[in-house]
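**Student:** everything below, folded, please.
(one chain, ligands or ions: 1)
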Amino acid sequence: MRVCETVATMRAECASLGYGGRRLGLVPTMGALHEGHLSLLRAARAQCDVVAASIFVNPTQFGPQEDLAKYPRPFARDSELLRAEGVDLLFAPSADEMYPTGAVTHVNVEGLSERLCGRSRPGHFRGVATVVSKLFHVVQPGVAFFGQKDAAQVAVIRAMVRDLLLPVEIVACPIVRESDGLALSSRNVYLSSEQRRQALALFRSLLRVQEAYEGGERDATRLLAAGVEEFSRETGVRLDFLEMVNPESLEPLEFAQPGALVAVAGFLGSTRLIDNVVLS
Ligand code: AMP
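**Tutor:** Coordinates of the predicted model:
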């Protein structure tokens with residue numbers, strides 16, 4: 001595995017390894033890798049000739065009160081995991097490399113960027129779209145792999161690719177969970193054992209909505225009320241939002257339908273976790 005820290009070396013390596021129509025897949029990450037990330041790498045390995053991964057804790061997608069400084073950065077362990085998954089190229093740039101002095105250009109996916117996590121994290125999706133577009137420009141992948149765990153991020157990236165005419169296929173991979181249902185997240189390491197138990201309220205609230213839907217309820221207000229009721233049984237968790245939206249536009253739905261995205265976010269102390277299900 002070749003590790004590149006500069007835009008120039010990564011660009012040259014990608015151009016050389018992707019030469020001759022070889023299918024190049026990109027898996028963007030912020031590191032602190034877990035089985036969720038590895039599932040994306042395995043999908044990329046199965047579908048591509050060349051696999052590139054990036055590790056970049058992107059400062060512009062963190063709010064001023066968020067966890068940028070303490071975000072875990074176990075780089076040596078991450079590199080070993082990537083090597084073991086057969087990754088060909090790792091891009092691990094510094095913030096200065098990705099944001100040249102005086103950088104004033106951003107990518108803003110209007111509307112979508114203000115929904116779900118974008119409402120409670122102003123500027124988050126602008127940071128995400130900006131950095132992902134930079135990664136696409138440097139790597140020029142034929143396909144990029146994202147986790148359905150961040151369903152709103154998938155919607156924002158798909159809209160950006162469509163609007164900016166970027167020649168990249170976007171693949172969304174299923175959510176990887178712990179055996180009790182908790183969605184894997186790099187932020188789960190922040191949780192105390194008590195919070196780890198309480199965090200299951202997120203998944204349980206989604207299951208409650210799904211059960212009510214499968215029982216025939218279609219009214220979104222009533223479905224979400226059932227989920228909120230389930231969530232509030234766990235007092236240690238603070239609900240940020242529980243919403244039912246169109247998975248592409250992220251606009252709220254009045255009535256549940258197959259493919260509707262039910263997304264939840266909650267706080268355990270200062271740790272914010274998210275999860276979602278798609279109704280079938
Ligand atoms: P992050 O390092 O948190 O930016 O995540 C990098 C990629 O891994 C994103 O596309 C995430 O959606 C994806 N990801 C994170 N957690 C999971 C999970 N539990 N299952 C599947 N994909 C995930």
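
**Student:** near the ligand, which residues of this structure show up?
**Tutor:** 29-30, 36-37, 39-40, 146-147, 149-150, 173, 175-176, 183-186 (CB under 6 Å from any ligand atom). In short, each C-beta sits where N, CA and C put it, glycine included.

**Student:** now, which of those lie within helices?
**Tutor:** Among those, the ones falling in helices (DSSP state H) are G36, H37, S39, L40.

**Student:** okay, now the second one: neighbour count?
**Tutor:** Think H37. By other CB atoms under 10 Å, the residues close to H37 number 27.

**Student:** re earlier: narrow the residues of the chain next to the ligand to those in strands?
**Tutor:** Members of those lying in strands (criterion: DSSP state E): T29, F146, G147, C173.

**Student:** thinking again about what came up before, tell me the one of the ones in helices among the residues of the chain next to the ligand nearest the ligand?
**Tutor:** The shortest gap between the ligand and any of those belongs to G36, at 2.5 Å (CB to the nearest ligand atom).

**Student:** mind listing what the residue lying closest to A260 once chain neighbours are set aside touches?
**Tutor:** The shortest distance from A260 to any non-neighbouring residue, by CB to CB, 6 or more residues apart in numbering, is to L279 (4.6 Å). By CB atoms under 8 Å, 6 or more residues apart in numbering, the residues touching L279 are Q210, Y213, A256, Q257, P258, G259, A260, V262.

**Student:** could you report the separation of L279 from Q210?
**Tutor:** Distance of L279 to Q210, computed by CB to CB, to the nearest Å: 7 Å.

**Student:** repeat for H106
**Tutor:** H106 is 37 Å from Q210, where distance means CB to CB.

**Student:** quick one: the helices in the stretch 51-200 of the chain?
**Tutor:** Taking DSSP state H, counting those that start in this stretch as the criterion, the stretch 51-200 of the chain contains helices spanning 75-84, 95-98, 117-120, 124-139, 151-163, 193-198, 200-214.

**Student:** tell me the domain ranges of the protein?
**Tutor:** The chain breaks down into these domains under automatic domain parsing: 2-173, 186-278.

**Student:** now do the shortest one: distance from first to last residue.
**Tutor:** Right, the one you point to is domain 186-278. With CA to CA, to the nearest Å as the measure, the ends of domain 186-278 fall 22 Å from one another.

**Student:** I'd like the average pLDDT over that domain.
**Tutor:** Mean per-residue pLDDT for domain 186-278: 98.

**Student:** which positions in stretch 46-57 come out as buried?
**Tutor:** C48, V50, V51, A52, A53, S54, I55, F56, V57 (16 or more other CB atoms under 10 Å).

**Student:** need those in CSV with pLDDT, can you?
**Tutor:** Output for the buried residues of stretch 46-57, formatted as CSV (pLDDT from 0 to 100):
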residue, pLDDT
C48, 98
V50, 98
V51, 98
A52, 98
A53, 98
S54, 99
I55, 99
F56, 98
V57, 98
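
**Student:** now do the nearest residue to M30 once chain neighbours are set aside against P93, distance only.
**Tutor:** Nearest residue to M30 in three dimensions, chain neighbours excluded: V57, at 4.8 Å (CB to CB, 6+ apart). The gap separating V57 from P93 is 11 Å, by CB to CB.

**Student:** again, but for V228
**Tutor:** 41 Å.

**Student:** comparing the two, which shows the higher neighbour count?
**Tutor:** Just comparing V228 and P93: by other CB under 10 Å the higher neighbour count belongs to P93, 20 against 16.
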